[in-house]
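> From the sequence below, what's the structure:
(one chain, ligands or ions: 3)
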Amino acid sequence: MKAKAAVMWGPGEPFSVEEIELDPPQEQEVLVRIEAAGLCHSDDHARTGDAPANFPVIGGHEGSGVIEQVGPGVLHHKVGDHVVFSFTPVCGRCHWCSTGRQNLCDFGALIGTGQMISGGVRTHARGRDLGPAALLGTFSSHVVVNEANCVKLDEDIPFDVACLLGCGVPTGWGSAVRVGQVQPGETVVVVGIGGIGANALQGARLAGAKNVVAVDPVPFKHDKAKTFGATHTASSFEEARELVSDITRGVMADVAILTVGVVRGTMMEPFLDLVSKGGRAVLTGVAPFDDHDAKIPLQMFAMYEKQLRGTVFGGCNPRADIPLLAALYRNGQLQLDELVTTRYSLDDINLGYQDMLAGKNIRGIVVRDA
Ligand SMILES: NC(=O)c1ccc[n+]([C@@H]2O[C@H](COP(=O)([O-])OP(=O)(O)OC[C@H]3O[C@@H](n4cnc5c(N)ncnc54)[C@H](O)[C@@H]3O)[C@@H](O)[C@H]2O)c1
Ligand SMILES: [Zn+2]
Ligand SMILES: [Zn+2]
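Numbering: from 1, shown residues only. Ligands and ions are numbered 1, 2, ... in the order given. As a prediction, the model looks like this:
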C-alpha cells in the first residue's frame with residue numbers, strides 16, 4: 001500500500017515528506033495506522049551523524065495508533081487494538097527478557113540495521129529500501145512493525161499522550177525511579193529539561209524527593225520544570241553546583257541525571273561533581289558515537305563511592321512499565337498532557353525539530369492529518 005512518511009535520505013539532510021510503498025505485514029508483524037508520534041532528540045542524532053544510521057531512514061520511534069492488519073503468527077494483538085510502541089523490541093525469551101531486563105533485549109541489536117526480526121525491510125521509495133528508525137519509523141501515516149515492539153494500550157488513554165509512553169516518559173521517569181532509585185527525602189538534580197528531563201523530574205517527585213533541581217540554560221524550561229516537580233532551578237552546571245551545595249549544606253545531591261540533548265565528554269566531571277559521596281550519577285543522554293573522551297578524577301569512585309550508571313529506556317521493562325505509567329496518568333499521578341507543547345502535521349516535521357533545537361518545546365508531537 002501507499003503511505004506518507006518523513007524520510008531522511010542522508011546525514012545532515014532535513015526530512016523529506018513523501019509517498020512511500022509499504023509491504024504487507026509478514027511473520028509476527030502488524031500494520032498500524034499512526035495517530036500520534038513524538039519528536040525525541042534521538043532522531044536528530046541521526047541527522048547530525050552523532051548516532052550511526054542506515055540511510056535512507058524513516059524518522060520517529062515514539063508512536064501510538066490502531067492495528068489495521070495482522071500478519072501470520074501474531075499471537076497477542078488483533079485488528080482494532082490500540083497500541084503504543086516500545087522503541088526497544090521485547091522477545092520475551094532471551095537472557096535479558098527472561099531475567100527481567102526487557103530494555104536490553106537482544107533484538108535491540110537490529111536497531112540501526114533497519115532489518116525486521118523475520119528479516120528484510122517493508123518500506124521502499126524511489127526504488128530503494130528505507131530503514132525505519134528503531135524498526136518503527138513513526139513519522140509516517142502507517143507502519144509495519146514487529147509485534148515485539150507493540151504494547152497494548154487501554155482505549156481511555158488518548159493517542160497524543162500515549163505516544164510519549166514509548167520513549168520519553170519511561171526513559172525519564174525510569175532514570176529517576178528505576179536507575180537512580182530515588183528514595184523519599186533525597187535531593188535530585190536533572191540536567192537538561194526536554195521530553196526526557198521533564199519525566200525525570202516527575203519520577204523524582206513521585207519517588208518522594210525533598211529537593212528536585214532542574215538545570216537548563218533556557219528560561220522557559222525553568223517555568224515548565226516547576227510544573228513537573230522542580231523545587232529549584234539553575235541555568236548551568238556551575239550555578240547548579242553552588243545551589244545544590246547551599247540547599248544540602250555541602251552534602252550535595254543523592255542522585256543526578258544527565259538528559260541534555262547532546263552529551264559531551266567535558267560535561268562528565270561537572271556532572272559527577274553534583275553528587276554526594278555515595279551518590280548515583282545517571283547518564284541517560286546520548287553522546288556522539290565517536291566521543292570516547294571524558295576526563296574524570298577516578299578517585300571519586302574508590303574514595304567517595306560515587307556511582308556512574310548508564311541507562312537505555314530508563315531501565316524500564318516495556319511490557320510492565322508502559323501500562324504502569326498509563327495507570328499513573330489515569331490516577332492523576334503523572335502529567336502527560338502537559339508534556340505536549342506543540343502539535344505539528346507531518347508536513348511540518350522539520351519545523352518541529354527546529355523548535356526542539358531552539359528550546360521551544362518540552363515535547364512536540366505529530367498528529368494524524370484530520
Ligand atoms: N538512554 C536512552 O534510552 C534515551 C532515550 C531517549 C532519548 N535519549 C537521549 O536523551 C537526551 C535528551 O533527549 P530529549 O528528547 O529530552 O532532548 P531535548 O532536546 O528535548 O532536551 C534537551 C534539553 O537539554 C538542554 N541542554 C542543552 N545543553 C545543556 C547544558 N549544557 N546544560 C543544561 N541543559 C542543557 C536543552 O536546552 C534542552 O532543554 C538526548 O541525548 C536523547 O538522545 C536517551
Ligand atoms: Zn526517544
Ligand atoms: Zn529479549
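
> For the closest residue to Ala225 other than its chain neighbours, give its distance to Arg343.
Taking C-beta to C-beta, 6 or more residues apart in numbering as the measure, Ala225 lies nearest to Ala214, with 3.4 Å between them; neighbours along the chain are not counted. (C-beta placed from N, C-alpha, C; glycine too.) Separation of Ala214 from Arg343 (C-beta to C-beta, to the nearest Å) stands at 24 Å.

> Please identify the helix or strand for Ala36.
In this assignment (DSSP states H and E), Ala36 forms part of strand 29-38.

> And for Ser245?
Element membership for Ser245, per DSSP H and E: helix 237-247.

> I'd like to know the average pLDDT value across that helix.
pLDDT averaged over helix 237-247 equals 98, rounded to a whole number.

> same check, this time on stretch 40-53
Regarding stretch 40-53, the rounded mean pLDDT is 92.

> now what about that stretch, what contacts it?
By C-beta atoms under 8 Å, 6 or more residues apart in numbering, the residues outside stretch 40-53 that reach it are 8, 11-14, 57, 59-62, 112, 131, 133, 139, 167-168, 194-196, 261-262, 286-289, 353, 356-357, 363.

> Inside strands: which ones of those?
8, 57, 62, 131, 363 (DSSP state E).

> Is the third one bridged to anything, and to what?
Following DSSP bridges, Glu62 is listed with bridge partners Gly38.

> So what's the residue count around it?
A count of neighbours around Glu62, defined by other C-beta atoms under 10 Å, yields 31.

> Who are the contact partners of it?
37-40, 85, 87, 138, 163-164, 166-168, 365.

> Report how many residues lie close to Val79.
Around Val79 sit 12 other residues, with neighbours defined as other C-beta under 10 Å.

> Mind pulling up the pLDDT for it?
According to the per-residue confidence, Val79 scores 98 in pLDDT.

> pretty sure it is in contact with Glu68, am I right?
Yes - checked against C-beta atoms under 8 Å, the pair Val79 and Glu68 is within contact range at 6.5 Å.

> list the helices and strands the helix holding Ser245 packs on?
Helices and strands touching helix 237-247, as assessed by 3 or more C-beta pairs under 8 Å, 6 or more residues apart in numbering; DSSP states H and E, comprise strand 187-191, strand 211-215, strand 232-234, helix 268-272.

> So the second one, near ligand 1 or not?
Yes - using C-beta under 6 Å from any ligand atom as the criterion, contacts between strand 211-215 and ligand 1 involve Val215.

> Check the third one too.
No - applying C-beta under 6 Å from any ligand atom, one finds strand 232-234 out of contact with ligand 1, separated by at least 8.7 Å.

> Off-centre distance for that strand?
23 Å (C-alpha atoms, centre = their mean, to the nearest Å).

> low pLDDT regions in the stretch 1-150 of the chain?
Applying pLDDT under 70 to the predicted model, the stretch 1-150 of the chain contains no residue that meets it.

> Okay, strands next: where are they in it?
With DSSP state E, counting those that start in this stretch as the criterion, the stretch 1-150 of the chain has strands at 2-8, 16-22, 29-38, 57-58, 62-70, 82-85, 123-125, 128-132, 142-146, 150-152.

> What strands flank the shortest one, and is each parallel or antiparallel?
The one in question is strand 57-58. strand 2-8 (antiparallel), strand 128-132 (parallel).

> For the closest residue to ligand 2 within the stretch 101-250 of the chain, list the residues it contacts.
Of the residues in the stretch 101-250 of the chain, the one nearest ligand 2 is Cys167, at a distance of 3.3 Å by C-beta to the ion. For Cys167, the contacting residues are 38, 40, 42, 61-62, 87, 195, 313, by C-beta under 8 Å, 6+ apart.

> which one among the residues you listed gets closest to ligand 2?
The nearest one, if we look at the contacts of Cys167 relative to ligand 2 and count by C-beta to the ion, is Cys40, at 3.0 Å.

> So what's the residue count around the closest one?
By the criterion of other C-beta under 10 Å, Cys40 has 27 neighbours.

> That one and Asn331: what is the separation?
Relative to Asn331, Cys40 is positioned 25 Å away (criterion: C-beta to C-beta).

> Look up which residues are beta-bridged to Arg343.
Taking DSSP bridges, one finds Ile365 as the beta-bridge partners of Arg343.

> I figured it hits Asp369, correct?
No - look at Arg343 against Asp369 with C-beta under 8 Å: they stay out of range, at 11.4 Å.

> which parts of the stretch 1-150 of the chain sit against ligand 3?
Residues of the stretch 1-150 of the chain found near ligand 3, taking C-beta under 5 Å from the ion as the criterion, are 91, 94, 97, 105.

> thinking again about what came up before, between the helices and strands packed on helix 237-247, which gets nearest to ligand 3?
Smallest distance to ligand 3 across those (C-beta to the ion): 29.5 Å, for strand 187-191.

> The closest residue to Gln333 other than its chain neighbours - how many residues pack around it?
Distances taken as C-beta to C-beta, 6+ apart place Leu206 nearest to Gln333, at 6.2 Å, with adjacent residues excluded. Other residues within reach of Leu206, judged by other C-beta under 10 Å, total 16.
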